[in-house]
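Engineer: test case, fold it:
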Amino acid sequence: RRIISNIYGREAFSKLFANTSRPITYDIMSGFSSDIDMDDFHSSSLLEDEESGLSSFDLQDHTAVAGGESIVGTLDSSKVSTRRRQKRIKTEDTKITNNRETTIGRAIDQLQENYDDISRSMEVHQTTLKKMATPIHESEYLRLEREQQGLLEAMEGINRQTSNIIDESVLKPQEMNTLVKLTRSLETSRLQLELYTSELQGLYVDDVTPRAALAIISQPFPCSIKQGKEISEPVIVKVLTGARSTVVSGSEIFGEPIGVPEKGPKKGWISKCEAKVSTNRQAKFSDITFPTGTRLKPIRIEFHADLKIKDANGKVKKVSVVSLPTEPIIVKTNENQFWEAEGELIKRNVFQGSDAAPWERFCNWLQIHYLNSTKQEISEPIRALHTQEFEYFHVTKFESKPTISEEDVDNFWKWFGPLLHRLRYQRHIGNLWKEGFVVGFLSREDSEKLLDSENLGTFLIRFSEKNIGYVISYPSVSISSDTKKVKHYLMKGDDIAGAMKTLPDFLGGLPDLVTILQMTEEEDGSRSLVRRSKDSALSELYSRKSRTATSGYEMDIDVHTLQ
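Structural biologist: Numbers count the residues shown, from 1 in each chain. Down below sits the predicted model:
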């Protein structure tokens, strides 16, 4: 009663229970009461992270990290007071961020608890239906019907709150992962509730026909997959039945592709997509392969089965069922199609058939696709995209728009997609990025602020803001004027594709570059840049031929080739 009244209003509550002539107690729903006012939550979720944004890599805020020299260690006394003021400001900002994260975390935990209550309620409801004598009395029918309606309303409420959180807050990867899984669990529960609803209607007229459905409870999609390669994680399909029916193990489930391109073979789009139902009512598909590329068009899989279902009287009947489709899949013929395929998939997640989407929703789905693309565990990523990197994208690529269009994403993806491709496929780049030796998304101006007070030989690696490639930023002194200036070298294609095959080899051949700046992140989300010896950090990645020193980076790098 509380959850329905609070979310849907007293009028909805009154209408829902208008037909009953006696008090109804929903003890099994009691867990829905919450100390979090969801309206207040939505207001608080609009708080902005007020950390210093694109200038957040202030050298004066860095702390010592094991394995490298802290940049703060070189500060002179004239900068100490400034550093202390900035640390005070940062502390206040951290409090705001922590409060916001705590509120979101509590709300997500509450939604999960609410779903757990629904699951327990479904179990009680199943037991009631199973024991019900037929035909059932009208009063019992109405009572159970209202109970089902209450469960459905509660599911819709959780689903709505889940969507609101994704649309209004840039989440941690673990939080987004929890909400995605919760949404999929809700879908399965709704399918189960539909079976119970149909079964109840049948019991009212003494119809004991068995009911069944197929639910996809685990899948690695949406994703792009190489033609002829097995899927990375299994698809698990579960057989759902009514409360008074059981499935006979051994029934076979098979998958069929839908949405295949018109140009292409009539058959042969999918293989190894058959599995038998085990005693736990599940079928596991581990070896699915796609022999034919889909021309960068997404397809899906529907699962079909002719199940043997035993009804309440012990009679076995055949029931034909079809699952809802999987999430989209794009089958690529070669790795060069990777970034375009991922771009198509992320747009489907973000826009969901509409013309525009909130910026926060885009960030949350970008995080998921980025982590999958860089082969990281979403539950425990090595280097997730940081809120400051999202802010960098927002300012530099989206003009800080609160709502974005597909055209905005297309323009962004022409730059970000190829970079993501390099992080996934280019030798050593992915590991250098995860370990922080590629600082990454940093503006030219901010890199100059960072390096202006650094010694000669110090450098950082970042991505170009306008071109697709890497930039080496480093302080240099003009021989003619003896003035110090930060320079930027946009790496050419043959720098790491010719005689020197990798980025570590290229850097190893520049002996005057001796100190690399490494990005590190603390548990509280704060980030630091740490000085590391280039050779100690990268020597294990050098090939033998790159160990011969060259005459120095001022001569070997064309300093006139700027970003």
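Engineer: measure how buried residue 214 is and give me the count.
Structural biologist: 22 (other Cβ atoms under 10 Å). All C-beta spots, glycine's among them, are computed from the backbone N, C-alpha and C.
Engineer: got the phi and psi for it?
Structural biologist: Taking degrees, to the nearest 10, you get phi -110, psi 130 for the backbone angles of residue 214.
Engineer: residues touching it, list them.
Structural biologist: 237, 238, 239, 240, 253, 303, 305, 321, 322, 323 (Cβ atoms under 8 Å, 6 or more residues apart in numbering).
Engineer: one more pass at 10 Å, please.
Structural biologist: 191, 237-240, 253, 277, 283, 302-305, 307, 321-324 (Cβ atoms under 10 Å, 6 or more residues apart in numbering).
Engineer: with residue 284 instead?
Structural biologist: Residue 284 neighbours (Cβ under 10 Å, 6+ apart): 218, 234, 235, 236, 237, 253, 275, 276, 277, 278.
Engineer: so which of these sit within helices?
Structural biologist: In this view, the contacts of residue 284 have no member that belongs to helices under DSSP state H.
Engineer: give me the residue at the spatial middle of this protein.
Structural biologist: residue 368 (2.0 Å; Cα atoms, centre = their mean).
Engineer: with just CA atoms, put the helix or strand that that residue is a member of into PDB.
Structural biologist: Assessed by DSSP states H and E, residue 368 sits inside helix 359-373. Presented in PDB, the C-alpha positions along helix 359-373 are these (Å, rounded to 0.1, in the frame of the first residue of the first chain):
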ATOM      1  CA  TRP A 359      24.000  13.500 -22.000                       C
ATOM      2  CA  GLU A 360      24.200  11.300 -18.900                       C
ATOM      3  CA  ARG A 361      22.600   8.300 -20.600                       C
ATOM      4  CA  PHE A 362      25.200   8.600 -23.400                       C
ATOM      5  CA  CYS A 363      28.000   8.700 -20.800                       C
ATOM      6  CA  ASN A 364      26.800   5.600 -19.000                       C
ATOM      7  CA  TRP A 365      26.400   3.500 -22.200                       C
ATOM      8  CA  LEU A 366      29.800   4.800 -23.500                       C
ATOM      9  CA  GLN A 367      31.400   3.500 -20.400                       C
ATOM     10  CA  ILE A 368      30.000   0.000 -20.900                       C
ATOM     11  CA  HIS A 369      31.000  -0.100 -24.600                       C
ATOM     12  CA  TYR A 370      34.400   1.300 -23.800                       C
ATOM     13  CA  LEU A 371      35.100  -1.300 -21.000                       C
ATOM     14  CA  ASN A 372      34.000  -4.200 -23.200                       C
ATOM     15  CA  SER A 373      36.000  -2.900 -26.100                       C
END
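Engineer: avg pLDDT for the following helix or strand past it?
Structural biologist: Following helix 359-373 in sequence order, the next helix or strand is helix 387-397 (DSSP H and E). For helix 387-397, the mean pLDDT works out to 96.
Engineer: may I see the buried residues of helix 387-397?
Structural biologist: 387, 388, 389, 390, 391, 392, 393, 394, 396, 397 (16 or more other Cβ atoms under 10 Å).
Engineer: what about the first one, distance to residue 401?
Structural biologist: Same thing as residue 387. Residue 387 sits 17 Å away from residue 401, going by Cβ to Cβ, to the nearest Å.
Engineer: next one: residue 527
Structural biologist: From residue 527 to residue 401 the distance is 25 Å (Cβ to Cβ).
Engineer: how about the nearest residue to residue 542, chain neighbours excluded?
Structural biologist: residue 508 (4.6 Å; Cβ to Cβ, 6 or more residues apart in numbering).
Engineer: just to check, the one you found is in contact with residue 536?
Structural biologist: No - Residue 508 is beyond contact range of residue 536, at 11.9 Å (criterion: Cβ atoms under 10 Å).
Engineer: ok, the two, which is more surrounded?
Structural biologist: residue 508 (24 against 11).
Engineer: okay, that one and residue 534: tell me how far apart.
Structural biologist: Taken as Cβ to Cβ, the span from residue 508 to residue 534 is 8 Å.
Engineer: same thing with residue 243?
Structural biologist: Relative to residue 534, and taking Cβ to Cβ, residue 243 is found at 67 Å.
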